[in-house]
Structures are given as structure tokens and as C-alpha cells.
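Novice: give the three-dimensional model of this entry:
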Amino acid sequence: MIFVDQAKVNIQSGKGGDGCVSFRREKYIPNGGPDGGDGGKGGDVILEVDENMNTLFDYRHVKHYKAQNGQPGMGSNCHGKNGEDLILKLPKGTVVKEAETGKVICDMTKENSRVVLLNGGRGGKGNQHFATPTMQIPKYAQPGQKAKELWVTFELKSIADVGLVGFPNVGKSTLLSRVSNAKPKIANYHFTTLNPNLGVVELYGDSFVIADIPGIIEGASEGIGLGHEFLKHVERTKVLLHVVDVASTEGRNPIEDIELILNELKAYNPKLLDKPQIIAANKIDAMFDEENLIALQEHFKPQNIDVLPISGVTGAGMKELLTQLHKMLQDLPKETFEYAPEFTFDDTPEYEEPIQVFINEDGNYAVEGRKIERMLGYTNLEDEKGFMFFQNFLKENNILDKLEELGIEEGDTVVMYNLQFDYYK
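Specialist: Next comes the predicted model:
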């Protein structure tokens, strides 16, 4: 399977079902009262961690996800059916961000994490709720609340105690396969590892997770090559294990390699350098002398970074390396680093929303807003006083002025939810 660690998708909750306008129609009851039922609630959009997932591949091609709408209410006080929730499964370690700002909405780090990301729209009330002593036959029902919509990005950041970092072909995959239960693909060419291979190391009756993270090249912090993919996964790890080719089998300088990686980490996020670090000087089985090893140890000694000689091929030095890693992890907090929420979806109640005046798809003039809904609900437009109240309401809220600005003329149709009026000055 191709590894995908980022995806951008559009999510939408379900719209609330409209309330129903209905009146009792029974034999021998000529003037039955209102019996319109309420609309059903729209479905929520819910995020859940799936322990069996390790990639965002499922979101690579499908970009739009929508919960089910609530059904409209019906006569005889029948409530509309609620819309089904939409549950999106994500691998553990996925950070959810608002796409436009890049701000964190939630971090799906913990096992069995479950987050209601978008609430479904509230169902509208049927006309039975709007009967009053002065308006016993209300011909208005409340529309369902609109669906909520959001573009988000999913970013998978591997959760591991130890992150193997180093340039391609220095032996990270070989090391991981020897010390853990991981079975990564190993080949002798650059950019072998395109996805993080996770392995569990069992030691002293304890265990920890170690990850061979995608390769890095100079310029990674600027997104060159696999840069950002590499750096995203480093953020989660507790300890950084640098792996270098101390034998310089390909002519690379191990000190320069580590310094280049440290520079990329610093450019991306300076806090990454605060993590405990250790250097595995690999391929000692191919060394002709100890010149590079001694130079490494002397160079990083002032920074309190230990250099341990190992061989991924023969296994030499592996026990000492794992023991040191285990000791470092024991001294660190057990909690996994978690990103704090930075973005809150604007869930402003509808009654606080401004009245909207616009030309709808049918070419008619439309007026919408919670205040309009409530006014229509308790006003008897068939009564002279009620209609005057309606006219004053339109004037006081500058609705008539806005209609004039849009170019309305006498005889044009004005739509207010399920009611229509002819406009006359």
C-alpha cells in the first residue's frame, strides 16, 4: 500500500429536517388544530481512532464527506427521522487542522479517541408549536437548521518513543529489523524508506516503540524531497537516535551528516533540538580504522550526546545501544506529546445571525434569519394588526431598504422560507 501521511477533505454535517405545516383532518372535526411534527436532527460528523489503520490512504481520492440530513416532520404530530452520523476512521497520531489557517482542531493521539467534529443541524419545529390564543391556525413551521461545513487537513505524525534519523543508506532499516519485530524492506539505494516502519523493542520486561522515519536531504525544512514528511514524524518522538555510516562506505562525512540534520531540525522547529539525542555509529564491521569514530565522539561530547559504535549486520554494540535508549526513556514522562487545540468551529446560534436579504436561485428576492423565523412563528399575517406589525418589523430591520438596494420593483416576489409575498410600496 502506498503511504499517505496527509490529506485535505471537505466535511459537512447533516441539515436538520424542516418542521411540518399540517392540520387535523378528521371526520366530524371541520376545524382541526395544528398537528405538524418536528423535523429530525441532521447527522453529526465524528472522528474515531482505528488501531488497525496506519495510513491516510483511504482519503487520497475521496475528498467530500457528508452526514445524512434529518427528515422533515409530518402530519399527525409525526417526528421526522434523525439523520445518520458520519464516522470517519483515522490512524492513531492523526492531527486534524482547519485547512485555511492551519490551526489545530484536535489531536487523535489517544487510543479509542472519539471527537464530534461537526454537529448536525437542529430539526425545525412543526406548526403545532406556534399556536397562540390569537393565532390558532398557524400556517408557519420552522425550517431545519443548516448543515455545517468545513475544509480540514489530516496529518499523520507517527507515535514512537525513539525516532531513527539519518541520511538514506546509513543502515537504519537494517538496525530496526535486528532490534525489533519490524520487517522493513531493505535495499542498497537512496530513499528506500518512504513510510515510517514501526517496531516494538522488548527489553528487561519492558517495551518501547522505535520508528525508522522517512529519509532526509539538505533542504528538508523547506519541503525539498521528503523533507516535511520526515520532519512531521520527528515531532512525536521522545528520543532522537542518529544513525551514521562511521565507515564512510559511500564517502560521506558522518559529522557533517549529523550537523546537516540538526540544522534542518532547527529550521523546521527549534524545540526539536531539546529532545534527548544519541548517535549510533553504524557499520563498524566495515571500518579500516577508528579515526571517524573518535572524531565523532570528540565533536559531540561538549553537547552531551553519546556516540555508541554498532554494526547492524553483525549485531555488535546493539545490547549497549538498547540499554542506553531504555535508560533514557525511563527518565522521560510516559505521556505522548499532544498538540493543543487552536481552532474552534464558529457554532454561533442561529438567532444571533444577521438577517440576510438576497436574490435566490429562482430569481426571487429572499429574506432569511432566525429573527424572521421567530417573527413569522408568532405573527398572524391574516389579521390586520398582525400584518401591520409585520410591515413595521420589515422597516425597523432595514429589510425594505435592502430590497430596494437589490433593485426590487412592484409586483416582484419576496420569499420568506415557505411563504411568498408580492412587493408593493
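
Novice: what ranges does the chain have for its helices?
Specialist: For the chain, applying DSSP state H gives helices covering 172-179, 227-234, 254-268, 291-300, 318-330, 370-378, 384-396, 399-405.

Novice: packing partners of the first one?
Specialist: In other words, helix 172-179. strand 162-165, strand 197-203, strand 206-212, helix 318-330 (3 or more CB pairs under 8 Å, 6 or more residues apart in numbering; DSSP states H and E). (C-beta placed from N, C-alpha, C; glycine too.)

Novice: could you redo the last one with a cut-off of 6 Å?
Specialist: strand 197-203, strand 206-212 (3 or more CB pairs under 6 Å, 6 or more residues apart in numbering; DSSP states H and E).

Novice: which of those has the lowest mean pLDDT?
Specialist: Looking at those, the lowest mean pLDDT belongs to strand 197-203 (a mean of 73).

Novice: that strand to helix 318-330, inter-axis angle?
Specialist: 90 degrees (axes from the mean of the first three to the mean of the last three CA atoms, to 10 degrees).

Novice: neighbouring strands of strand 197-203 in the sheet, and parallel or not?
Specialist: strand 206-212 (antiparallel) (DSSP bridges).

Novice: coming back round to it: and of the helices of the chain, who's closest to Pro143?
Specialist: Proximity to Pro143 (CB to CB) singles out helix 370-378 among the helices of the chain, at 7.1 Å.

Novice: just name the most buried of the helices and strands packed on helix 172-179.
Specialist: Mean neighbours per residue, mean count of other CB atoms under 10 Å, is largest over these for strand 206-212, with a mean of 20.

Novice: run the angle between it and helix 172-179 for me.
Specialist: Going by the same axes, to 10 degrees, strand 206-212 makes 160 degrees with helix 172-179.

Novice: could I get the CA-only coordinates of strand 206-212 as PDB?
Specialist: Provided in PDB are the C-alpha atoms of strand 206-212 (Å, rounded to 0.1, in the frame of the first residue of the first chain):
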ATOM      1  CA  ASP A 206       9.600  -3.600  29.200                       C
ATOM      2  CA  SER A 207       8.900  -2.400  25.600                       C
ATOM      3  CA  PHE A 208       9.200   0.700  23.600                       C
ATOM      4  CA  VAL A 209       8.400   1.700  20.000                       C
ATOM      5  CA  ILE A 210      11.100   2.600  17.600                       C
ATOM      6  CA  ALA A 211      10.500   4.200  14.100                       C
ATOM      7  CA  ASP A 212      12.600   4.300  11.000                       C
END
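
Novice: roughly how far is that strand from the heart of the chain?
Specialist: Computed by CA atoms, centre = their mean, to the nearest Å, the chain-centroid distance of strand 206-212 equals 26 Å.

Novice: can you redo the helices of the chain as CSV with distance to Gly43, mean neighbour count and mean pLDDT?
Specialist: Shown next, in CSV, are the helices of the chain (distance: least, CB to CB, whole Å; neighbours: other CB atoms under 10 Å; pLDDT from 0 to 100):
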stretch, distance to Gly43, mean neighbour count, mean pLDDT
helix 172-179, 43, 23, 77
helix 227-234, 31, 22, 65
helix 254-268, 39, 18, 86
helix 291-300, 55, 16, 90
helix 318-330, 43, 16, 89
helix 370-378, 22, 18, 71
helix 384-396, 34, 13, 80
helix 399-405, 33, 16, 90
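
Novice: distance to His129 added to the ones you listed, as a markdown table?
Specialist: Formatted as a markdown table, the helices of the chain follow (distance: least, CB to CB, whole Å):
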| stretch | distance to His129 |
| --- | --- |
| helix 172-179 | 64 |
| helix 227-234 | 51 |
| helix 254-268 | 56 |
| helix 291-300 | 73 |
| helix 318-330 | 61 |
| helix 370-378 | 8 |
| helix 384-396 | 18 |
| helix 399-405 | 24 |
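
Novice: can you say which of the ones you listed is nearest to Arg25?
Specialist: That would be helix 370-378 among the helices of the chain, by CB to CB, at 22.3 Å.

Novice: ok so, going back, can you list the helices and strands packed on helix 172-179 in a markdown table and add distance to Thr314?
Specialist: What follows is the helices and strands packed on helix 172-179, written out as a markdown table (distance: least, CB to CB, whole Å):
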| stretch | distance to Thr314 |
| --- | --- |
| strand 197-203 | 18 |
| strand 206-212 | 19 |
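
Novice: between these, which one is nearest to Lys266?
Specialist: That would be strand 206-212 among those, by CB to CB, at 20.7 Å.

Novice: contacting residues around Pro34?
Specialist: Each residue near Pro34 by CB atoms under 6 Å, 6 or more residues apart in numbering is listed here: Phe23, Asn127, Gln128, Ala131, Pro138.

Novice: out of those, which are buried?
Specialist: Phe23, Asn127, Gln128, Pro138 (16 or more other CB atoms under 10 Å).

Novice: re the thing from before, closest to Glu84 out of the helices of the chain?
Specialist: helix 370-378 (26.0 Å).

Novice: picking up where we left off before, relative to Gly163, which of the helices of the chain is closest?
Specialist: Using CB to CB, the helices of the chain put helix 227-234 closest to Gly163, at 5.5 Å.

Novice: what are the structural domain limits within this structure?
Specialist: 1-156, 162-330, 350-422 (automatic domain parsing).

Novice: distance check, Val9 against Lys139.
Specialist: Distance of Val9 to Lys139, computed by CB to CB, to the nearest Å: 41 Å.

Novice: same check, this time on Ser177
Specialist: Counting by CB to CB - Ser177 and Lys139 are separated by 74 Å.

Novice: now swap in Ile279 and tell me
Specialist: In terms of CB to CB, Ile279 sits 79 Å off from Lys139.
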